[in-house]
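# Structure here, sequence nowhere to be found:
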Ligand SMILES: NC(=O)c1ccc[n+]([C@@H]2O[C@H](COP(=O)([O-])OP(=O)(O)OC[C@H]3O[C@@H](n4cnc5c(N)ncnc54)[C@H](OP(=O)(O)O)[C@@H]3O)[C@@H](O)[C@H]2O)c1
């Protein structure tokens, strides 16, 4: 993997799961990493875990003004948005408030970052989306729409922000704290079923997605792309 020595990387949602793994990966590649998320406790823990020259700040990406204020204070080479919006349920069952909150957490957060972040020449923006955009489930309409909207946003931003490169990584099922609210039995069932169903023979790890993000930031000829990291879920029956 290409060195990122001396590069400044912002990871929104960098205090857990994919974002935390991404922060660690960039730190290992020599970058100066800044992680942001809503909880001070999580920010402090992530800064300690990533180590090196990692810094952190409390920032709620849903707040467009706060994002603009934060972005005015610093330039970055690369920015990543890995915020999550947890809302599960069929469109005719999921309360509208929960659906809108999920859109705020994931779509609007990434949009706020994209419109305000100041990236240096040669830089990139990478958004984390999800396999439900192209492989919907029986109760995934909202999440499918959020991820599809982000992937469309990436293609359009790649033109608007050029020559800054803009890409997406679309994960399948990952073992991350995103699922901590599910009962342990249900989580185990989900990961076991993924391992049985997927050509890759296992559920994904946050580091699988972090690897793809590091590839996209380092590859100067890829933009407007969505890289699928799903163990083969899109082609599996
Ligand atoms: N895990 C999976 O199986 C899976 C599958 C497909 C797609 N994905 C996608 O991958 C991305 C990362 O998921 P993950 O599994 O790493 O989730 P995670 O472990 O729950 O991490 C989410 C991160 O986002 C932060 N965050 C949430 N809302 C925020 C906000 N408004 N402003 C700033 N930070 C915010 C959280 O920190 P705070 O709580 O401190 O704000 C946390 O650091 C998400 O977009 C998710 O939808 C995950």
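Thanks, I have the structure now. Every value quoted in this text rests on a predicted model; they were computed, and no experiment measured them.
# Now do residue 115 against the ligand, distance only.
15 Å (C-beta to the nearest ligand atom, to the nearest Å). From N, CA and C alone the C-beta is placed, and that goes for glycine too.
# Might you report the residue contacts of that residue?
Contacts for residue 115 (C-beta atoms under 8 Å, 6 or more residues apart in numbering) come out as 64, 68.
# how about it, secondary structure?
In three-state terms, and counting by DSSP: H, G, I helix; E, B strand; the rest coil, residue 115 is helix.
# How much space separates it from residue 139?
Distance of residue 115 to residue 139, given as C-beta to C-beta, to the nearest Å: 31 Å.
# Same question for residue 203.
19 Å.
# So between the two, which is more surrounded?
residue 203 (22 against 14; other C-beta atoms under 10 Å).
# Pretty sure the more buried one sits against residue 173.
Yes. If you go by C-beta atoms under 8 Å, residue 203 and residue 173 touch, sitting 5.1 Å apart.
# can you pull the pLDDT of residue 88?
As predicted, residue 88 sits at a pLDDT of 84.
# sorry, that was for residue 199
Listed pLDDT for residue 199 reads 97.
# which residue packs closest to it, ignoring adjacent ones?
The shortest distance from residue 199 to any non-neighbouring residue, by C-beta to C-beta, 6 or more residues apart in numbering, is to residue 232 (3.3 Å).
# tell me which element the one you found is part of?
Using DSSP states H and E, residue 232 sits in no helix or strand.
# And it, how far from residue 192?
In terms of C-beta to C-beta, residue 232 sits 17 Å off from residue 192.
# How about residue 182?
Remark: distance between residue 182 and residue 192 (C-beta to C-beta) = 13 Å.
# Count the residues that sit near the residue nearest to residue 199.
By other C-beta under 10 Å, the residues close to residue 232 number 13.
# Pull the contacting residues for residue 85.
Residue 85 sits next to 101-107, 109, 143, 146 when contact means C-beta under 8 Å, 6+ apart.
# So residue 34: helix, strand or coil?
With three-state DSSP as the basis, residue 34 sits in strand.
# do the same with residue 5
What three-state DSSP gives for residue 5 is coil.
# I figured it hits residue 27, correct?
No. If you go by C-beta under 8 Å, residue 5 and residue 27 don't touch, sitting 11.0 Å apart.
# more neighbours, these two?
residue 27 (21 against 9).
# For that one, give me its contacts.
Contact partners of residue 27, counting by C-beta under 8 Å, 6+ apart, are 33, 50-54.
# Quick one: buried ones out of those?
33, 50, 54 (16 or more other C-beta atoms under 10 Å).
# Could you dump these into JSON lines with distance to residue 152 and pLDDT added?
Formatted as JSON lines, the buried ones among the contacts of residue 27 follow (distance: C-beta to C-beta, whole Å; pLDDT from 0 to 100):
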{"residue": "33", "distance to residue 152": "28", "pLDDT": "98"}
{"residue": "50", "distance to residue 152": "32", "pLDDT": "98"}
{"residue": "54", "distance to residue 152": "32", "pLDDT": "97"}
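# wait, which of those is closest to the ligand?
The closest of the buried ones among the contacts of residue 27 to the ligand turns out to be residue 50 (C-beta to the nearest ligand atom; 12.4 Å).
# Can you give me the pLDDT of the residue most central in space within the chain?
The C-alpha lying nearest the average C-alpha coordinate of the chain belongs to residue 82 (C-alpha atoms, centre = their mean; 2.3 Å). With respect to pLDDT, residue 82 scores 98.
# And it, how far from the ligand?
Computed as C-beta to the nearest ligand atom, the residue 82 to the ligand distance reads 4 Å.
# What distance do you get for that residue to residue 184?
24 Å.
# Could you do residue 137 as well?
Relative to residue 184, residue 137 is positioned 21 Å away (criterion: C-beta to C-beta).
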